[in-house]
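J.: mind looking at a prediction? Sequence and model below.
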Amino acid sequence: MAGRQGAPTRTFAPGEGDVLLLDIPLAADQRVPARLEHRFVLSLSAPGDRTRRLTVTGARTGVDLRGPVRLSAPLRGSGLLVVGCCSSTASAHRHALLAQDGRLLAAQRYAIDFVRVDDSLSTFAGDPARNDSYLVYGAEIVAAAPGRVVATRDGVPENTPPNTAPDITTDGLVGNFVNQDLGGGRFAVYAHMQPGSVRVKPGEHVKRGQVLGLVGNSGNSSEPHLHFHVMDGSGGPSNLAADGLPYVFDRLALHGRLTGLESDPPAPIRVPADPPRQRAGQYPLHGDIVALP
């Protein structure tokens, strides 16, 4: 767990608290448990008192045994870098928690930011302060599945890279967006679109692959990219007041990976992908470079 300065700690002062994120790896032939239970062993001390040891068992959690929803890709083309889930260090998506009615929600747990890189691993060519210099800018965003449009926003002005919008509110983080009901209690959000590019309206039923809008740089965004996530509710005005759900893409080609993204400063190195290049029913991981059909 992280302390007040971000360093790992096991000690908390009175009134302090933290959030502990746990990964539970399972072998391929291991059965997924239906319920999880947590046990914490605490050492309690106060000035003048001896340390007491206390074991707390609780936080019983049911496990969703459904498989991840299978989707088509929300972007097309090659050279797409995945900035998403499951890196070895802190993730701006996975660790982005929203407090709502006494609950902590993680709508972005499996969120992906898609940018496009060239052979030199740059995301732009030309003036980096111009949105149209970025290789993914203006790319068509398409529906990842059939479904009904729940909400949209258009007209939010774009940012000037590398700056984000000043004084942004929680409800403004996604900028211009489309929120789509995929059915089965799953909702998809396509965020940071160009102003004036949203092509669908609330209540409209869209087909898989239908163009929803264009990649832009609105909301909490420092350069043009598509932010995409799936969650278990519509997410309210912020599109974030729900819990994130896993998903996989029907098809993708894995062309390589970038290592060194977690170093400070980042020192990306491209390494070839393990074969096979063509993948089906997979979720691309943080640092993957993919081509999407």
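T.: Arrived safely, thanks for sending.

J.: pLDDT below threshold where in the stretch 51-200 of the chain?
T.: Along the stretch 51-200 of the chain, the parts satisfying pLDDT under 70 run over 87-90.

J.: wait, isn't Ala267 in contact with Leu258?
T.: No - the pair Ala267 / Leu258 is not scored as a contact, 9.9 Å apart, by Cβ atoms under 8 Å. Quick note: C-beta positions are derived from backbone N, CA and C, even for glycine.

J.: who's more crowded, these two?
T.: Leu258 (20 against 11; other Cβ atoms under 10 Å).

J.: can you give me every residue that contacts Gly126?
T.: Contact analysis of Gly126 by Cβ atoms under 8 Å, 6 or more residues apart in numbering lists Ser133.

J.: for it, which three-state class applies?
T.: Assigned with DSSP: H, G, I helix; E, B strand; the rest coil, Gly126 falls in the coil class.

J.: leaving out the residues flanking it, which one is nearest to the most centrally placed residue in the chain?
T.: Computing the C-alpha centroid of the chain and ranking residues by Cα atoms, centre = their mean puts Ala111 first, at 1.7 Å. Sequence neighbours aside, His229 is the residue nearest to Ala111 in space, at 3.7 Å (criterion: Cβ to Cβ, 6 or more residues apart in numbering).

J.: let me know the helix or strand that the residue of the chain positioned farthest from its centre is in.
T.: In the chain, Gly48 marks the outermost C-alpha relative to the chain mean, sitting 46.8 Å out by Cα atoms, centre = their mean. According to DSSP states H and E, Gly48 maps onto no helix or strand at all.

J.: hmm, who's touching stretch 128-137?
T.: Contacts for stretch 128-137 (Cβ under 8 Å, 6+ apart): 75, 79-80, 114-118, 123-127, 138, 158, 160-162, 194, 215-217, 223-226.

J.: can you do 7 Å?
T.: For stretch 128-137, the external contacting residues (Cβ atoms under 7 Å, 6 or more residues apart in numbering) are 114-116, 118, 123-127, 158, 160-161, 215, 217, 223-225.

J.: now, of those residues, which are buried?
T.: Among these, those buried by neighbour count (16 or more other Cβ atoms under 10 Å) are Phe114, Val115, Arg116, Thr123, Phe124, Glu158, Pro161, Val215, Asn217, Glu223, Pro224, His225.

J.: okay if I get the residues you listed as TSV plus secondary structure and distance to Phe249?
T.: Formatted as TSV, the buried ones among the contacts of stretch 128-137 follow (DSSP: H, G, I helix; E, B strand; the rest coil; distance: Cβ to Cβ, whole Å):
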residue	secondary structure	distance to Phe249
Phe114	strand	12
Val115	strand	17
Arg116	strand	17
Thr123	coil	21
Phe124	strand	25
Glu158	strand	27
Pro161	coil	28
Val215	strand	17
Asn217	coil	24
Glu223	coil	23
Pro224	coil	21
His225	strand	17
